[in-house]
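Student: Below is the sequence, then the predicted model.
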Amino acid sequence: MLILLCVSLVLAVFGLSVVWARDLGILSAMLRGALTGRRGIGGRRPILLGAAVLGEVQVLAETLGEQTALVNRLLRAEESIVERLPDPLIVLGNDRALRRTNAAARAAFGGDMAAVLRHPELRAAIDRAIAGGPDAAPQSAELRVPVPVPREVQAVVVALDSPLSGGGGVLVVLSDRSRERAVERTRADFVANASHELRTPLASLIGFIDTLRGPAADDPPAQKRFLEIMAEQALRMNRLIDDLLSLSRIEITEHQPPAERVDLEGLVERTIAGFEISIRKRGISVNWQACGPLAPVLGDTDQLEQVAQNLLDNALKYGRPGGMVRVVLEPVPPGGKFPVRPGLVLSVADDGPGIPREHLPRLTERFYRVDTGRSRAVGGTGLGLAIVKHIVNRHRGVLVIESEAGKGAVFSVWLPTVEK
């Protein structure tokens, strides 16, 4: 009898243990479901737990579920804010490892992100921010980033009090200041260059005006001659101002690559047609060749037309009177002078006196002239090739100048074509 009683007691305890384990499993499933956003436990109900306990557990589960949903919404909001910020944003861990970037950073720097993060000034700012901790002031640095094009960037580094999702605890915000810096330099350069270059024609105009008012007041032949010279000087000043303004506008937008599809062959044909009067006047023949097939290039139509105009104008001015100018547009030829990526090369060659080799590296500097007297005599401002260089830079292209004294000059521009 005693043995039967003990066996019954053991079985009862075992049965209660099984039921308790089942009930605890149900409660655990309820809590896990709340944490993962699921509701309910199907048809299962606790047996030994009373309604009051079950009700409290259900309230707790609902509270946990609401908090989980709120956390998920906040995480999605954080992701959306970081991704859609207009300025490039880089998130680093406290170990300085890259955790994430937003769309603006990927668009601005692409595969060059590692090169940006290796910049000594930025690394020093990151070290200061981590050392100072969340309570320290944001650290800033001025960077000159050479890739993919030279740009001036202001970086602000902030150490966070608590990490973002994914473990990032350091924010790096990059603001492109290239346009503002270009505007500042352009203003200063414009004043310096304009005052220097305009001084000579202005002095000539003032001198001729004084002469016309005085000794030549009653001398019609002298007046006619002086007025013609004054008109030439006025036109020279007008060309100079136009080129300075054009160069200023190009420099301001140089860091922004154009995205228009341009038919370069048609553009060059229109440019040559526009020089018909000058070509006839100098007795020069233009040999124009387009070697197809020619894909469109990504560019700014007006600026590329200005490149073609400046190169052709130089060839007509400095080429041999009665000679020949060769204009060729072709896909990238072999030889290593140009990038291996798909692109077109526009070459303009003249048969003039050529350019001594020592002058070639400086030809694209503002107001640099190999022969100052001849340049001014033919109406040159010293800005044409500087304009070409900055336009080519904006188009992510390459300008190559080849010449030898007595053998003419060849100016070649490589431009990337539209990728299919």
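Tutor: That came through, no problem.
Student: Then Gly336 would be within a strand, right?
Tutor: No: read with DSSP: H, G, I helix; E, B strand; the rest coil, Gly336 is coil and lies in no strand.
Student: ok, it - how many residues close by?
Tutor: 7 (other CB atoms under 10 Å). All C-beta spots, glycine's among them, are computed from the backbone N, C-alpha and C.
Student: Could you do Ser403 as well?
Tutor: Ser403 - counted by other CB under 10 Å - has 22 other residues nearby.
Student: buried residues in the strand or helix carrying Thr271?
Tutor: Following DSSP states H and E, one finds Thr271 within helix 264-274. For helix 264-274, the neighbour count (16 or more other CB atoms under 10 Å) marks Leu264, Glu265, Leu267, Val268, Glu269, Thr271, Ile272 as buried.
Student: Closest one of the residues you listed to Asp112?
Tutor: Leu264 (27.6 Å; CB to CB).
Student: Now do the contacts for the closest one.
Tutor: If you count contacts by CB atoms under 8 Å, 6 or more residues apart in numbering, Leu264 has them with Leu294, Pro296, Val297, Gly299, Leu304, Leu329, Leu344, Leu346, Leu415.
Student: leaving aside the residues next to it on the chain, what's closest to the fourth one?
Tutor: The one in question is Gly299. Nearest residue to Gly299, sequence neighbours excluded (CB to CB, 6 or more residues apart in numbering): Val262, at 4.5 Å.
Student: For the one you found, give the beta-bridge partners.
Tutor: Val297 (DSSP bridges).
Student: number of nearby residues for it?
Tutor: 22.
Student: What of Ala125?
Tutor: For Ala125, using other CB under 10 Å, the count is 21.
Student: you'd agree it is up against Gln154?
Tutor: No: using CB atoms under 8 Å, Ala125 is not in contact with Gln154, being 10.5 Å away.
Student: Find residues that contact each of those two.
Tutor: With CB under 8 Å, 6+ apart, Ala125 and Gln154 have common neighbours Ser140, Ala141.
Student: quick revisit: okay, and which of the contacts of Leu264 map to strands?
Tutor: Counted as lying in strands by DSSP state E, out of the contacts of Leu264, are Val297, Gly299, Leu329, Leu344, Leu346, Leu415.
Student: between those residues, which is nearest Gly111?
Tutor: Leu415 (21.4 Å).
Student: tell me the domain boundaries of this protein?
Tutor: 13-81, 85-176, 179-256, 260-420 (automatic domain parsing).
Student: Can you name the next helix or strand after the helix or strand of the chain with the lowest mean pLDDT?
Tutor: For the chain, using mean pLDDT, DSSP states H and E, the weakest element among its helices and strands is helix 372-377, scoring a mean of 53. Going down the chain from helix 372-377, the next helix or strand is helix 384-394, by DSSP H and E.
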